[in-house]
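Chemist: predicted model and sequence follow; I will ask about them next.
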Amino acid sequence: MISNYLSAVLSKKKEITATQLVIFSSFFFIIFGNVTFFRHILEVYPFSFKNFFFLVSLAAGGTLAITLFLTLVASICPTKPLLILFLVISSVAAYVMDTYDTVIDHIMIQNIVETNWDETSDLLNLRMVGYVFVLGLLPSYAVYRVAVQKESLKRAIFRKIRDIFIVLIAIFAIVLTFSKFYTSFFREHEPLRWYSNPIYYVYSLSKYIDRNFSLHDVKIAPLGLDATVEENIKEDKEPAAKKLIILVVGEAARADHFSLDGYPRETNPLLKKEDIVNFSKVFSCGTSTAYSVPCMFSVFPRSEFNSRKGKETENVLDVLQHTGLIDILWRDNNSDSKGVALRVPYEDYRSPENNTICEDGECRDEGMLVGLNQYIEQHEGKDILIVLHQMGNHGPAYYKRYPKQFEQFTPTCQTNQLEDCKQEEIINAYDNALLYTDYFLAQIIGFLKQYDNNHKTAMIYLSDHGESLGESGVYLHGLPYMIAPDAQKHVGAVMWFGKGTKQDINLDLLGQKKDKELSHDNLFHTLLGLLAVKTAVYEKELDILNDELIGNEVMR
């Protein structure tokens, strides 16, 4: 009977109302597009006789909520194109959530908007194509084929008002009937709602637009205009050597996979031979590059930072530049600087045009070191800060992130479809990429040692966020900070100092801080302190190299 009805509808022998089409589509969304949502629901409300009717009500209520949303939006645009658009987008959302167990919040939307083709291509695979075809294109074709009853404008307006009224009453009745369950659901289990498709990603998109766009032109608030460099005079009255600092912004390097932090595998064989300071308890500002990178260079602590503040306020690079005595260069082998380097010299090292060390379409981080000696010679007489933004451990194609000679841990996952690999293979590929980062950082230290006699040199390495490798079924990164595991927030952090810089630092005291809980909040003030910049925005209590450092209380 149902099959005959559907056959008649799809063959256009039977017309249906726009309301029926919206309800059918909403039911499809709930059943096929919310697998991850209901999987998490069942973790909190296990399938049992006690929970059975609540779970049924949740499916019914979800269908009604989507119906309400689509009915409201269909008031300003045609119904069929609207449904087709949401079916296709929601099929991609379902793939992302089902595959990586992640949430599409406003920060994830920002990641999507700011990603480049190379990053996008790493996520494309047959499984995604299958999701889009089965959950997106096939139902879209069905929507296209359906004959919808025509109605006058007056009747359409009346119908939509009636539908909205009925749906609201039905939702209210469901919540009232199972009020005990829904009180717990809404008050105690907010993260569950983050997996609802398409409602939550639509909410996230609106939140992203609200936080990042406005009707007026963005005005950049100046910061640290009073910045000056504290002159350092040697005992013989001669000016001290100029400073040469390389800051490496790492990518997706979780601290618990550093052998320096106790990981049983040797992932830092070269760094352990150097006189470095490894900080074992550093936590990121966010769980994605798009959020963490602007945050780590911002004057705002994580508790106060948001993307709009990051865009509308100058950062530490601007403050350093205000001195007029510090030259800055940003080289990028990742997506880009996420707005941090908009006002300083920037060089893109993602293509062979600049990066001379590329193979099979993958440009290596070490290519960013080529030609740096010429840059230093051209800027003799000034302090220099060079920022190198790594490709690092960018997933899911970890196997692409290192040359073959670094494939020490085998077997490895040789695809971007992580669900097709064993967890051991994923971890092996990830750890091999960390081995390459270890090599890259050792190369930087070797490079800086060449300048140790006439510069005060230092290297700072700090990863932007961590990475999930399949623990509890979670992959990659980008979960909301509140529910993200430490694997996505606990990051690698290392410092190295040349002999001239060591004379300015209390190394014994610094060694006592290496196991202190620190965060991205410390970078802004540590850079100012390291480069001897005096400004009202500098807080010595947050400078890792200052004797008065206060540890951070990191919310995890």
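Modeler: That came in fine, so what should we check first?
Chemist: domains of this structure?
Modeler: The record assigns the chain these domain ranges, following automatic domain parsing: 2-212, 240-292+317-484+498-505+531-542.
Chemist: distance between the ends of the longest one?
Modeler: Between the opening and closing residues of domain 240-292+317-484+498-505+531-542 we find a distance of 26 Å, counting by Cα to Cα, to the nearest Å.
Chemist: could you give the mean pLDDT of that domain?
Modeler: Summarised as a single mean, pLDDT over domain 240-292+317-484+498-505+531-542 is 96.
Chemist: just the shortest one next, same as before
Modeler: Summarised as a single mean, pLDDT over domain 2-212 is 88.
Chemist: ok, residue 35 touching residue 95?
Modeler: No. If you go by Cβ atoms under 8 Å, residue 35 and residue 95 don't touch, sitting 10.5 Å apart. Backbone N, C-alpha and C define where each C-beta goes, glycine included.
Chemist: of these two, which one has the most company?
Modeler: More crowded of residue 35 and residue 95, by other Cβ atoms under 10 Å: residue 95, with 21 against 14.
Chemist: the more buried one - nearest residue in space that isn't next to it in sequence?
Modeler: The shortest distance from residue 95 to any non-neighbouring residue, by Cβ to Cβ, 6 or more residues apart in numbering, is to residue 131 (3.9 Å).
Chemist: before we move on, what about residue 464?
Modeler: residue 292 (4.2 Å).
Chemist: counting neighbours, what do you get for the one you found?
Modeler: Counted with other Cβ under 10 Å, residues neighbouring residue 292 total 27.
Chemist: surely it and residue 466 touch.
Modeler: No. In this structure residue 292 lies outside contact range of residue 466 using Cβ under 8 Å: 10.1 Å.
Chemist: what's the overlap in contacts for those two?
Modeler: residue 284 (Cβ atoms under 8 Å, 6 or more residues apart in numbering).
Chemist: on that earlier part again, which strand or helix spans the residue nearest to residue 464?
Modeler: Using DSSP states H and E, residue 292 falls within helix 289-296.
Chemist: what do you get for residue 30?
Modeler: Counting by DSSP H and E, residue 30 is found in helix 18-32.
Chemist: residues making contact with that helix?
Modeler: Outside helix 18-32, the residues that reach it (Cβ under 8 Å, 6+ apart) are 16, 59, 62-64, 66-67, 70-71, 74, 79-80, 83, 86-87, 90, 94, 135, 139, 143, 146, 148-149, 151, 156, 159, 163, 197-198.
Chemist: which SSE is immediately downstream of that helix?
Modeler: By DSSP H and E, the next helix or strand past helix 18-32 is helix 35-44.
Chemist: can you tell me what sits against that following helix?
Modeler: 55, 58-59, 94, 97-98, 101, 189, 191-192, 195-197.
Chemist: report the next helix or strand after it in sequence order.
Modeler: Sequence order places helix 49-73 as the next helix or strand after helix 35-44, per DSSP H and E.
Chemist: can you list the buried residues in that next one?
Modeler: By neighbour count on 16 or more other Cβ atoms under 10 Å, the buried set for helix 49-73 is 51, 54-55, 57-58, 61-71, 73.
Chemist: try stretch 311-326
Modeler: Buried residues in stretch 311-326, counted by 16+ other Cβ under 10 Å: 311, 313-323, 325-326.
Chemist: centroid-nearest residue for this structure?
Modeler: Geometric centre of the chain, nearest residue: residue 288, 1.5 Å, by Cα atoms, centre = their mean.
Chemist: I'd say that one and residue 480 touch.
Modeler: No. Look at residue 288 against residue 480 with Cβ under 8 Å: they stay out of range, at 10.3 Å.
Chemist: overlap in contacts, the two.
Modeler: Contacts common to residue 288 and residue 480, judged by Cβ under 8 Å, 6+ apart, are residue 107.
Chemist: okay, angle between the one helix or strand residue 164 maps to and helix 18-32 too, please.
Modeler: Using DSSP H and E, residue 164 sits within helix 153-177. Angle of helix 153-177 versus helix 18-32, following axes from the mean of the first three to the mean of the last three Cα atoms, to 10 degrees, is 40 degrees.
Chemist: could you point out which element follows helix 153-177?
Modeler: As assigned by DSSP H and E, the chain's next helix or strand after helix 153-177 is helix 179-188.
Chemist: now for that following helix, which elements pack on it?
Modeler: helix 49-73 (3 or more Cβ pairs under 8 Å, 6 or more residues apart in numbering; DSSP states H and E).
Chemist: now with 7 Å, please.
Modeler: Helices and strands touching helix 179-188, by 3 or more Cβ pairs under 7 Å, 6 or more residues apart in numbering; DSSP states H and E: there are none.
Chemist: quick check: what element follows it along the chain?
Modeler: helix 190-193.
Chemist: mind checking how far the residue lying closest to residue 45 once chain neighbours are set aside is from residue 223?
Modeler: With sequence-adjacent residues excluded and distances taken as Cβ to Cβ, 6+ apart, residue 45 is closest to residue 51, at 4.6 Å. In this view, residue 51 and residue 223 are 53 Å apart by Cβ to Cβ, to the nearest Å.
Chemist: how about residue 302?
Modeler: Note on residue 302: its distance to residue 223, by Cβ to Cβ, is 18 Å.
Chemist: and the helix holding residue 30 with helix 49-73, angle?
Modeler: Computed by the same axes, to 10 degrees, the angle separating helix 18-32 from helix 49-73 equals 140 degrees.
Chemist: any buried residues in helix 18-32, and which?
Modeler: By neighbour count on 16+ other Cβ under 10 Å, the buried set for helix 18-32 is 18-19, 21-30, 32.
Chemist: please state the offset of it from the chain centre?
Modeler: 32 Å (Cα atoms, centre = their mean, to the nearest Å).
Chemist: got the CA coordinates for that helix in PDB?
Modeler: Provided in PDB are the C-alpha atoms of helix 18-32 (Å, rounded to 0.1, in the frame of the first residue of the first chain):
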ATOM      1  CA  ALA A  18       3.700  21.300   0.000                       C
ATOM      2  CA  THR A  19       3.100  20.400   3.700                       C
ATOM      3  CA  GLN A  20       3.300  16.700   3.000                       C
ATOM      4  CA  LEU A  21       6.500  17.200   1.000                       C
ATOM      5  CA  VAL A  22       8.100  19.100   3.900                       C
ATOM      6  CA  ILE A  23       7.000  16.400   6.500                       C
ATOM      7  CA  PHE A  24       8.300  13.500   4.300                       C
ATOM      8  CA  SER A  25      11.600  15.400   3.900                       C
ATOM      9  CA  SER A  26      11.900  16.100   7.600                       C
ATOM     10  CA  PHE A  27      11.200  12.500   8.400                       C
ATOM     11  CA  PHE A  28      14.000  11.500   5.900                       C
ATOM     12  CA  PHE A  29      16.400  13.900   7.700                       C
ATOM     13  CA  ILE A  30      15.600  12.400  11.100                       C
ATOM     14  CA  ILE A  31      15.900   8.800  10.000                       C
ATOM     15  CA  PHE A  32      18.900   8.900   7.700                       C
END
